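Student: 3D, please:
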Amino acid sequence: MKLNHWLSIIFIGIPSAIIFFFSGIYTLVFANQVAIMPQTECKPLFIFTPQDVKYCSDIYFIDTIILALQRPVTYITLISGAVIIGFVWYYIRLYKELNQGGEV
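Tutor: Numbering: from 1, shown residues only. The predicted model follows:
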């Protein structure tokens, strides 16, 4: 591999993976916090979940997604995940070209 491939991995790929990991953990923790909230705090957040549920942990999955998308860190997670997928796709394609005898 050329030097510019290694530099792109070091300066874009690794930081993207770190950002994806930490922002993803934050998003998951926030989504799970709704389940342990008191009913007075969680019921105003419900959109599709009926208001007569007994526990906040009975929240519908679609409401969890909507609540997560209200946080900017969720978009950071999605963007950094897309960058990681792009890197993996690029390097798989590069690996296949190098194994077929092509020069990149």
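
Student: Against residue 39, how distant is the residue sitting nearest the centre point of the chain?
Tutor: Nearest to the geometric centre of the chain sits residue 77, at 3.6 Å (Cα atoms, centre = their mean). Between residue 77 and residue 39 the computed distance is 28 Å (Cβ to Cβ, to the nearest Å). Quick note: C-beta positions are derived from backbone N, CA and C, even for glycine.

Student: Name the residues that touch stretch 56-67?
Tutor: Residues from elsewhere that reach stretch 56-67 (Cβ atoms under 8 Å, 6 or more residues apart in numbering): 30-31, 34-39, 42-43, 45-49, 53.

Student: Quick check: closest non-adjacent residue to residue 43.
Tutor: Excluding the flanking residues, the one nearest residue 43 by Cβ to Cβ, 6 or more residues apart in numbering is residue 51, at 5.9 Å.

Student: tell me the SS of that neighbour?
Tutor: coil (DSSP: H, G, I helix; E, B strand; the rest coil).

Student: wouldn't it be in contact with residue 45 here?
Tutor: No. The criterion here is Cβ atoms under 8 Å, and residue 51 misses it with residue 45 at 11.0 Å.

Student: higher neighbour count, those two?
Tutor: For the pair residue 51 and residue 45, the greater number of neighbours falls to residue 45 (16 against 8), based on other Cβ atoms under 10 Å.
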